[in-house]
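[1] Generate a structure from the sequence data that follows.
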Amino acid sequence: MPDVLRPRALAPGDLVAVAAPAGPLEADAVPLLERGVATLTAMGFRVRRTPLADPGRRRWWAAAGPEAQAEEFNRLLRDPEVRAVVAHTGGQAVAGWLDRLDVDAVRADPKPVLGCSDVSLLLLALHARTGLVGLHGDMATYGLGGSWHAAADGGDPATTLTGLYRRALTDPAVPLGPLPGLRACGGWECWRPGRASGPLLGGLLGRLVALQATPFALAAERFDGAVLFWEEVERPLSALWQDLHLLRMSGVFDRIAGLVVGVPHRVTAAGCADDAPAPSLREVVLDVLGDRPLPVLGQVDLGHAGPNLPLPLGVRATVDATVRTLSLDEPAVAPR
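    Numbering: from 1, shown residues only. Alright, predicted model coming up:
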(Lines give C-alpha, C1' and ligand atoms only; values in the text may rest on other atoms or scores of the structure.)
Protein backbone atom coordinates (compact mmCIF):
# COMPACT_ATOMS: atom_id res chain seq x y z
CA MET A 1 0.00 0.00 0.00
CA PRO A 2 1.59 3.32 -1.06
CA ASP A 3 2.27 6.04 1.47
CA VAL A 4 0.22 9.23 1.41
CA LEU A 5 1.54 11.43 -1.41
CA ARG A 6 0.83 15.12 -0.94
CA PRO A 7 0.85 17.23 -4.10
CA ARG A 8 3.11 20.25 -4.27
CA ALA A 9 1.61 23.53 -3.07
CA LEU A 10 0.48 26.07 -5.62
CA ALA A 11 1.79 29.65 -5.72
CA PRO A 12 0.15 32.80 -7.10
CA GLY A 13 0.30 32.80 -10.87
CA ASP A 14 0.50 29.02 -11.19
CA LEU A 15 -1.41 27.43 -14.05
CA VAL A 16 -4.61 25.51 -13.25
CA ALA A 17 -6.15 23.37 -16.00
CA VAL A 18 -9.94 23.04 -16.18
CA ALA A 19 -10.53 19.68 -17.81
CA ALA A 20 -13.31 17.28 -18.83
CA PRO A 21 -12.45 13.85 -17.42
CA ALA A 22 -16.14 12.91 -17.27
CA GLY A 23 -19.14 14.63 -18.87
CA PRO A 24 -19.37 17.18 -21.68
CA LEU A 25 -19.96 20.91 -21.35
CA GLU A 26 -23.59 21.65 -22.08
CA ALA A 27 -24.23 24.82 -24.08
CA ASP A 28 -26.42 26.36 -21.36
CA ALA A 29 -23.67 25.76 -18.77
CA VAL A 30 -21.05 27.87 -20.59
CA PRO A 31 -21.79 30.99 -18.47
CA LEU A 32 -21.38 28.91 -15.30
CA LEU A 33 -18.02 27.60 -16.46
CA GLU A 34 -16.90 31.12 -17.32
CA ARG A 35 -17.82 32.22 -13.80
CA GLY A 36 -15.98 29.20 -12.39
CA VAL A 37 -12.87 30.17 -14.33
CA ALA A 38 -13.21 33.71 -12.99
CA THR A 39 -13.41 32.30 -9.45
CA LEU A 40 -10.15 30.39 -9.92
CA THR A 41 -8.58 33.51 -11.39
CA ALA A 42 -9.70 35.49 -8.34
CA MET A 43 -7.79 32.99 -6.20
CA GLY A 44 -4.63 34.20 -7.93
CA PHE A 45 -4.12 31.44 -10.50
CA ARG A 46 -3.80 31.42 -14.26
CA VAL A 47 -6.46 29.21 -15.81
CA ARG A 48 -6.50 27.24 -19.04
CA ARG A 49 -9.49 25.29 -20.32
CA THR A 50 -8.58 22.09 -22.10
CA PRO A 51 -9.99 21.30 -25.57
CA LEU A 52 -12.40 18.69 -24.22
CA ALA A 53 -13.93 21.31 -21.88
CA ASP A 54 -15.42 23.18 -24.83
CA PRO A 55 -19.08 23.00 -25.87
CA GLY A 56 -19.67 20.69 -28.78
CA ARG A 57 -17.19 18.08 -27.60
CA ARG A 58 -19.24 15.01 -26.89
CA ARG A 59 -19.36 11.26 -27.35
CA TRP A 60 -22.55 9.75 -26.01
CA TRP A 61 -22.60 10.73 -22.30
CA ALA A 62 -18.93 11.75 -22.17
CA ALA A 63 -16.82 14.65 -23.38
CA ALA A 64 -14.96 12.20 -25.65
CA GLY A 65 -14.10 8.54 -25.99
CA PRO A 66 -12.05 6.83 -23.28
CA GLU A 67 -8.81 7.01 -25.25
CA ALA A 68 -9.14 10.76 -25.85
CA GLN A 69 -10.10 11.51 -22.25
CA ALA A 70 -7.19 9.49 -20.92
CA GLU A 71 -4.79 11.10 -23.36
CA GLU A 72 -5.84 14.61 -22.32
CA PHE A 73 -5.71 13.88 -18.60
CA ASN A 74 -2.34 12.13 -18.81
CA ARG A 75 -0.96 15.03 -20.83
CA LEU A 76 -1.92 17.38 -17.99
CA LEU A 77 -0.23 15.11 -15.47
CA ARG A 78 2.99 15.18 -17.52
CA ASP A 79 2.97 18.92 -18.25
CA PRO A 80 5.29 20.63 -15.74
CA GLU A 81 3.57 23.98 -16.30
CA VAL A 82 0.20 22.64 -15.13
CA ARG A 83 0.15 22.71 -11.33
CA ALA A 84 -3.42 21.54 -10.67
CA VAL A 85 -6.32 19.96 -12.54
CA VAL A 86 -9.94 20.89 -11.83
CA ALA A 87 -12.77 18.90 -13.39
CA HIS A 88 -15.43 21.07 -14.93
CA THR A 89 -18.27 18.60 -14.17
CA GLY A 90 -19.05 14.99 -13.30
CA GLY A 91 -21.03 12.43 -15.26
CA GLN A 92 -20.67 8.77 -16.15
CA ALA A 93 -17.35 8.43 -18.00
CA VAL A 94 -14.37 8.00 -15.65
CA ALA A 95 -14.74 4.22 -15.36
CA GLY A 96 -14.09 3.93 -19.09
CA TRP A 97 -10.48 5.09 -18.90
CA LEU A 98 -9.15 4.37 -15.39
CA ASP A 99 -7.03 1.57 -16.79
CA ARG A 100 -5.26 4.10 -19.02
CA LEU A 101 -4.07 6.32 -16.15
CA ASP A 102 -0.38 7.26 -16.14
CA VAL A 103 0.25 6.62 -12.46
CA ASP A 104 4.00 7.03 -12.96
CA ALA A 105 3.38 10.64 -13.99
CA VAL A 106 1.48 11.19 -10.74
CA ARG A 107 4.37 9.82 -8.69
CA ALA A 108 6.91 11.89 -10.62
CA ASP A 109 5.06 15.19 -10.27
CA PRO A 110 2.17 15.03 -7.80
CA LYS A 111 -0.31 17.83 -8.36
CA PRO A 112 -3.78 18.51 -6.91
CA VAL A 113 -6.74 17.00 -8.73
CA LEU A 114 -10.12 18.48 -7.75
CA GLY A 115 -13.63 17.18 -8.26
CA CYS A 116 -16.53 15.14 -6.93
CA SER A 117 -19.37 12.95 -8.17
CA ASP A 118 -18.02 10.71 -10.98
CA VAL A 119 -14.61 12.35 -10.50
CA SER A 120 -14.47 10.90 -6.98
CA LEU A 121 -13.85 7.56 -8.74
CA LEU A 122 -10.70 9.08 -10.24
CA LEU A 123 -9.59 10.56 -6.91
CA LEU A 124 -10.07 7.25 -5.11
CA ALA A 125 -8.26 5.27 -7.82
CA LEU A 126 -5.30 7.66 -7.75
CA HIS A 127 -5.19 7.44 -3.98
CA ALA A 128 -5.32 3.65 -4.09
CA ARG A 129 -2.51 3.35 -6.65
CA THR A 130 -0.21 6.22 -5.65
CA GLY A 131 -1.39 7.61 -2.30
CA LEU A 132 -2.13 10.96 -3.98
CA VAL A 133 -4.07 13.41 -1.83
CA GLY A 134 -6.84 14.38 -4.23
CA LEU A 135 -9.20 17.15 -3.19
CA HIS A 136 -12.83 16.06 -3.07
CA GLY A 137 -14.65 19.32 -3.64
CA ASP A 138 -16.62 21.44 -6.04
CA MET A 139 -16.00 21.41 -9.76
CA ALA A 140 -15.64 24.42 -12.01
CA THR A 141 -19.03 24.58 -13.72
CA TYR A 142 -21.83 23.79 -11.29
CA GLY A 143 -19.75 24.37 -8.15
CA LEU A 144 -17.33 27.28 -8.51
CA GLY A 145 -19.58 28.81 -11.13
CA GLY A 146 -22.92 27.75 -9.65
CA SER A 147 -23.62 26.78 -6.04
CA TRP A 148 -20.81 28.98 -4.71
CA HIS A 149 -22.82 32.02 -5.72
CA ALA A 150 -26.20 30.96 -4.35
CA ALA A 151 -27.66 33.11 -1.60
CA ALA A 152 -26.82 32.05 1.96
CA ASP A 153 -28.01 33.32 5.30
CA GLY A 154 -25.46 35.36 7.18
CA GLY A 155 -22.68 35.46 4.61
CA ASP A 156 -21.33 35.01 1.11
CA PRO A 157 -20.46 31.35 0.37
CA ALA A 158 -18.17 32.31 -2.52
CA THR A 159 -16.01 34.46 -0.26
CA THR A 160 -15.77 31.74 2.40
CA LEU A 161 -15.07 28.98 -0.11
CA THR A 162 -12.53 30.98 -2.10
CA GLY A 163 -10.49 31.42 1.06
CA LEU A 164 -10.81 27.75 2.06
CA TYR A 165 -9.84 26.36 -1.33
CA ARG A 166 -6.98 28.82 -1.77
CA ARG A 167 -5.56 27.86 1.62
CA ALA A 168 -6.01 24.15 0.93
CA LEU A 169 -4.09 24.45 -2.34
CA THR A 170 -1.33 26.84 -1.30
CA ASP A 171 -0.51 26.42 2.40
CA PRO A 172 1.78 23.47 3.21
CA ALA A 173 2.29 24.51 6.82
CA VAL A 174 -1.05 25.28 8.48
CA PRO A 175 -4.06 22.93 8.28
CA LEU A 176 -7.52 24.34 7.62
CA GLY A 177 -8.72 23.30 11.07
CA PRO A 178 -12.48 23.41 11.83
CA LEU A 179 -14.59 23.57 8.68
CA PRO A 180 -17.59 25.91 8.51
CA GLY A 181 -21.18 25.06 7.75
CA LEU A 182 -22.28 26.60 4.46
CA ARG A 183 -25.94 25.91 3.80
CA ALA A 184 -28.61 28.52 4.28
CA CYS A 185 -31.13 26.10 5.80
CA GLY A 186 -30.54 23.28 8.21
CA GLY A 187 -27.27 22.30 9.80
CA TRP A 188 -25.02 19.39 10.61
CA GLU A 189 -26.65 16.67 12.67
CA CYS A 190 -25.40 14.24 15.29
CA TRP A 191 -26.67 10.84 14.17
CA ARG A 192 -24.53 8.96 16.68
CA PRO A 193 -22.37 10.74 19.28
CA GLY A 194 -18.64 10.33 19.64
CA ARG A 195 -15.30 11.66 18.47
CA ALA A 196 -12.67 10.12 16.20
CA SER A 197 -9.55 11.11 14.27
CA GLY A 198 -8.07 9.47 11.20
CA PRO A 199 -7.31 9.90 7.50
CA LEU A 200 -10.17 11.14 5.33
CA LEU A 201 -11.47 8.73 2.73
CA GLY A 202 -14.59 8.80 0.60
CA GLY A 203 -16.63 10.15 -2.27
CA LEU A 204 -19.84 9.26 -4.10
CA LEU A 205 -21.12 6.13 -2.38
CA GLY A 206 -21.97 4.15 -5.50
CA ARG A 207 -18.61 4.91 -7.10
CA LEU A 208 -16.75 3.89 -3.94
CA VAL A 209 -18.54 0.53 -3.88
CA ALA A 210 -18.00 0.00 -7.62
CA LEU A 211 -14.29 0.77 -7.37
CA GLN A 212 -13.82 -2.08 -4.91
CA ALA A 213 -14.64 -4.54 -7.71
CA THR A 214 -11.75 -3.31 -9.89
CA PRO A 215 -7.95 -3.54 -9.87
CA PHE A 216 -8.00 0.02 -8.49
CA ALA A 217 -9.72 -1.08 -5.28
CA LEU A 218 -8.61 0.54 -2.07
CA ALA A 219 -6.62 -1.88 0.07
CA ALA A 220 -8.47 -2.96 3.20
CA GLU A 221 -5.76 -1.30 5.29
CA ARG A 222 -6.69 2.10 3.81
CA PHE A 223 -9.87 1.98 5.87
CA ASP A 224 -8.10 1.30 9.16
CA GLY A 225 -8.92 4.17 11.51
CA ALA A 226 -10.27 6.28 8.64
CA VAL A 227 -12.94 8.97 8.77
CA LEU A 228 -15.15 7.82 5.92
CA PHE A 229 -17.29 10.39 4.12
CA TRP A 230 -19.86 9.85 1.39
CA GLU A 231 -22.79 11.38 -0.44
CA GLU A 232 -25.30 10.20 -3.03
CA VAL A 233 -27.57 11.58 -5.74
CA GLU A 234 -30.65 10.47 -7.67
CA ARG A 235 -30.91 6.97 -6.23
CA PRO A 236 -33.51 5.29 -4.01
CA LEU A 237 -32.84 4.71 -0.33
CA SER A 238 -33.03 0.99 -0.99
CA ALA A 239 -29.96 1.24 -3.26
CA LEU A 240 -28.05 3.16 -0.61
CA TRP A 241 -29.05 0.56 1.98
CA GLN A 242 -27.69 -2.15 -0.32
CA ASP A 243 -24.40 -0.33 -0.95
CA LEU A 244 -23.91 0.25 2.76
CA HIS A 245 -24.49 -3.42 3.47
CA LEU A 246 -21.87 -4.30 0.83
CA LEU A 247 -19.40 -2.10 2.69
CA ARG A 248 -20.45 -3.76 5.94
CA MET A 249 -19.89 -7.24 4.55
CA SER A 250 -16.49 -6.23 3.18
CA GLY A 251 -15.46 -5.22 6.71
CA VAL A 252 -15.23 -1.48 6.11
CA PHE A 253 -17.40 -0.51 9.09
CA ASP A 254 -15.30 -2.68 11.38
CA ARG A 255 -12.16 -0.80 10.32
CA ILE A 256 -13.14 2.87 10.15
CA ALA A 257 -13.15 5.24 13.13
CA GLY A 258 -15.96 7.60 12.14
CA LEU A 259 -18.53 8.38 9.49
CA VAL A 260 -19.47 11.66 7.79
CA VAL A 261 -22.60 11.69 5.61
CA GLY A 262 -23.28 14.44 3.11
CA VAL A 263 -26.54 16.08 2.10
CA PRO A 264 -28.60 13.66 -0.03
CA HIS A 265 -29.80 15.09 -3.33
CA ARG A 266 -32.88 13.66 -5.03
CA VAL A 267 -32.63 10.50 -2.97
CA THR A 268 -36.09 8.95 -2.94
CA ALA A 269 -37.99 6.36 -0.94
CA ALA A 270 -38.74 4.29 -4.06
CA GLY A 271 -39.13 0.62 -3.21
CA CYS A 272 -41.06 1.16 0.00
CA ALA A 273 -44.65 -0.07 0.19
CA ASP A 274 -47.17 2.68 -0.49
CA ASP A 275 -48.85 2.16 2.87
CA ALA A 276 -45.60 1.99 4.87
CA PRO A 277 -43.71 5.01 6.24
CA ALA A 278 -40.43 5.58 4.39
CA PRO A 279 -37.25 5.59 6.48
CA SER A 280 -35.01 8.60 6.70
CA LEU A 281 -31.42 8.44 5.54
CA ARG A 282 -30.37 8.58 9.18
CA GLU A 283 -32.47 5.51 9.96
CA VAL A 284 -30.99 3.63 6.99
CA VAL A 285 -27.41 4.41 8.03
CA LEU A 286 -27.92 3.46 11.66
CA ASP A 287 -29.79 0.31 10.67
CA VAL A 288 -26.77 -0.91 8.68
CA LEU A 289 -24.22 0.10 11.31
CA GLY A 290 -26.03 -1.82 14.02
CA ASP A 291 -24.41 -1.47 17.42
CA ARG A 292 -20.99 -0.40 16.14
CA PRO A 293 -19.92 2.56 18.33
CA LEU A 294 -18.96 4.83 15.43
CA PRO A 295 -19.54 8.57 15.63
CA VAL A 296 -21.80 9.61 12.75
CA LEU A 297 -22.09 13.22 11.60
CA GLY A 298 -24.88 13.81 9.09
CA GLN A 299 -26.05 16.50 6.67
CA VAL A 300 -22.51 17.87 6.21
CA ASP A 301 -21.78 20.27 3.33
CA LEU A 302 -20.76 17.53 0.95
CA GLY A 303 -22.58 16.41 -2.16
CA HIS A 304 -24.63 17.39 -5.17
CA ALA A 305 -26.87 19.72 -3.18
CA GLY A 306 -23.75 21.94 -2.98
CA PRO A 307 -21.64 23.74 -2.17
CA ASN A 308 -18.88 21.35 -1.08
CA LEU A 309 -16.24 21.78 1.57
CA PRO A 310 -12.71 20.81 0.45
CA LEU A 311 -11.97 17.29 1.75
CA PRO A 312 -8.46 15.99 0.93
CA LEU A 313 -8.15 12.21 0.74
CA GLY A 314 -5.59 10.73 3.11
CA VAL A 315 -5.26 13.85 5.26
CA ARG A 316 -5.91 13.40 8.97
CA ALA A 317 -9.19 14.84 10.20
CA THR A 318 -11.23 14.84 13.40
CA VAL A 319 -14.97 14.36 13.49
CA ASP A 320 -16.84 15.13 16.69
CA ALA A 321 -20.44 14.17 16.07
CA THR A 322 -21.46 15.11 19.60
CA VAL A 323 -20.68 18.79 19.07
CA ARG A 324 -21.17 18.57 15.26
CA THR A 325 -17.70 19.55 14.06
CA LEU A 326 -15.28 18.38 11.38
CA SER A 327 -11.67 19.59 11.37
CA LEU A 328 -8.73 19.08 9.02
CA ASP A 329 -5.68 18.40 11.18
CA GLU A 330 -3.00 18.36 8.46
CA PRO A 331 -2.26 20.42 5.34
CA ALA A 332 -3.38 18.98 2.03
CA VAL A 333 -0.24 19.99 0.13
CA ALA A 334 3.51 19.65 0.52
CA PRO A 335 6.15 22.38 0.23
CA ARG A 336 7.18 23.24 -3.34
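[2] for the stretch 151-300 of the chain, what spans make up the strands?
    Applying DSSP state E, counting those that start in this stretch to the stretch 151-300 of the chain gives strands spanning 177-178, 189-192, 195-204, 227-231, 258-262, 296-300.
[3] Would you convert the ones you listed into JSON lines that also reports mean neighbour count and mean pLDDT?
    For every residue, glycine as well, the C-beta is placed using N, CA and C. JSON lines is the format used below for the strands of the stretch 151-300 of the chain (neighbours: other Cβ atoms under 10 Å; pLDDT from 0 to 100):
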{"stretch": "strand 177-178", "mean neighbour count": "10", "mean pLDDT": "98"}
{"stretch": "strand 189-192", "mean neighbour count": "18", "mean pLDDT": "98"}
{"stretch": "strand 195-204", "mean neighbour count": "22", "mean pLDDT": "98"}
{"stretch": "strand 227-231", "mean neighbour count": "26", "mean pLDDT": "98"}
{"stretch": "strand 258-262", "mean neighbour count": "26", "mean pLDDT": "98"}
{"stretch": "strand 296-300", "mean neighbour count": "24", "mean pLDDT": "97"}
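[4] Can I get these in a markdown table including distance to residue 109?
    A markdown table is the format used below for the strands of the stretch 151-300 of the chain (distance: least, Cβ to Cβ, whole Å):
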| stretch | distance to residue 109 |
| --- | --- |
| strand 177-178 | 28 |
| strand 189-192 | 40 |
| strand 195-204 | 23 |
| strand 227-231 | 27 |
| strand 258-262 | 30 |
| strand 296-300 | 32 |
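[5] Next one: the residue nearest to residue 1 when sequence neighbours are not counted from residue 332, what distance?
    Excluding the flanking residues, the one nearest residue 1 by Cβ to Cβ, 6 or more residues apart in numbering is residue 219, at 4.6 Å. As judged by Cβ to Cβ, to the nearest Å, residue 219 and residue 332 stand 21 Å apart.
[6] Between those two, tell me which one has more neighbours.
    Neighbours were counted for residue 219 and for residue 332 using other Cβ atoms under 10 Å; residue 332 has more, 27 against 10.
[7] Nearest residue to the more buried one in space, ignoring adjacent ones along the chain?
    Counting by Cβ to Cβ, 6+ apart, the residue nearest residue 332 is residue 312, at 3.7 Å.
[8] What's the local residue count around that neighbour?
    Residues lying near residue 312 (other Cβ under 10 Å) number 31.
[9] and it, what are its bridge partners?
    Here residue 312 sits in beta bridges with residue 135, going by DSSP bridges.
[10] Assess the claim that it and residue 123 are in contact.
    No. Residue 312 lies out of contact with residue 123 (Cβ atoms under 8 Å); the separation is 9.5 Å.
[11] what touches both of the two?
    Listed as contacting both residue 312 and residue 123 by Cβ atoms under 8 Å, 6 or more residues apart in numbering are 134, 135, 136.
[12] want to throw those residues into TSV with distance to residue 285, neighbour count and pLDDT?
    Output for the shared contacts of residue 312 and residue 123, formatted as TSV (distance: Cβ to Cβ, whole Å; neighbours: other Cβ atoms under 10 Å; pLDDT from 0 to 100):
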residue	distance to residue 285	neighbour count	pLDDT
134	25	29	98
135	25	25	98
136	19	27	98
